[in-house]
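J.: What shape does this take:
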Amino acid sequence: MGQKAINVFQTCIPLFQVLSDNHRQAILLTLTEKGRMTVNEITEQSSLSRPAISHHLKLLLEKGLISVEQKGTQRYYSASLNASVELLKELVAALEEECL
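T.: A predicted model of the protein is given here:
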C-alpha cells in the first residue's frame, strides 16, 4: 500500500472506531431516516438510557458525524455525513489508484 493510501486510511481510523459500535450505528441511521431529533426523541427509539444516548451523541458529534442546533432549551441533533463520506471516497480513490 502506498503512502498516500496509508495516510488516508490512518485519517479514517477514528471514524471507523466510532462507527464500530452498534448503538452509534443505530443512532446515526435513526437520525438519517427521521431527520432532526432531540435526545429524548432518540431515546424513545432506543433501548438505551438517556445518559447512554447522550454519551454516544457526544462521540458522534466529536467525529463530525452529527451536528447539533440549540433552539431555546432544546438541542436538536441531525446527521452530518458529508465530510465523512468525502473522506471515505478519498480512501476508496487512493486504494483504487494503488490497484490500477
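J.: Strands along the protein, start to end?
T.: Secondary structure of the chain (DSSP state E): strands located at 66-71, 74-79.
J.: Just list what the first one packs against, helices and strands only.
T.: For strand 66-71, the elements it packs on are helix 50-62, strand 74-79, judged by 3 or more Cβ pairs under 8 Å, 6 or more residues apart in numbering; DSSP states H and E. (C-beta placed from N, C-alpha, C; glycine too.)
J.: hang on, the earlier thing: JSON lines for the strands of the chain, including mean neighbour count, mean pLDDT and distance to Ser47?
T.: Putting those into JSON lines (neighbours: other Cβ atoms under 10 Å; pLDDT from 0 to 100; distance: least, Cβ to Cβ, whole Å) gives the following:
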{"stretch": "strand 66-71", "mean neighbour count": "13", "mean pLDDT": "96", "distance to Ser47": "20"}
{"stretch": "strand 74-79", "mean neighbour count": "17", "mean pLDDT": "97", "distance to Ser47": "18"}
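J.: ok, the residue lying closest to Ser46 once chain neighbours are set aside - contacts?
T.: Distances taken as Cβ to Cβ, 6 or more residues apart in numbering put Ile53 closest to Ser46, at 6.2 Å, once the chain neighbours are dropped. Neighbouring residues of Ile53 by Cβ atoms under 8 Å, 6 or more residues apart in numbering: 27, 39, 42-43, 46.
J.: By neighbour count, sort out the buried ones in these.
T.: 27, 39, 42-43 (16 or more other Cβ atoms under 10 Å).
J.: right, and out of those, which lies closest to Leu91?
T.: Using Cβ to Cβ, Ile27 is the member of those that sits closest to Leu91, with 23.1 Å.
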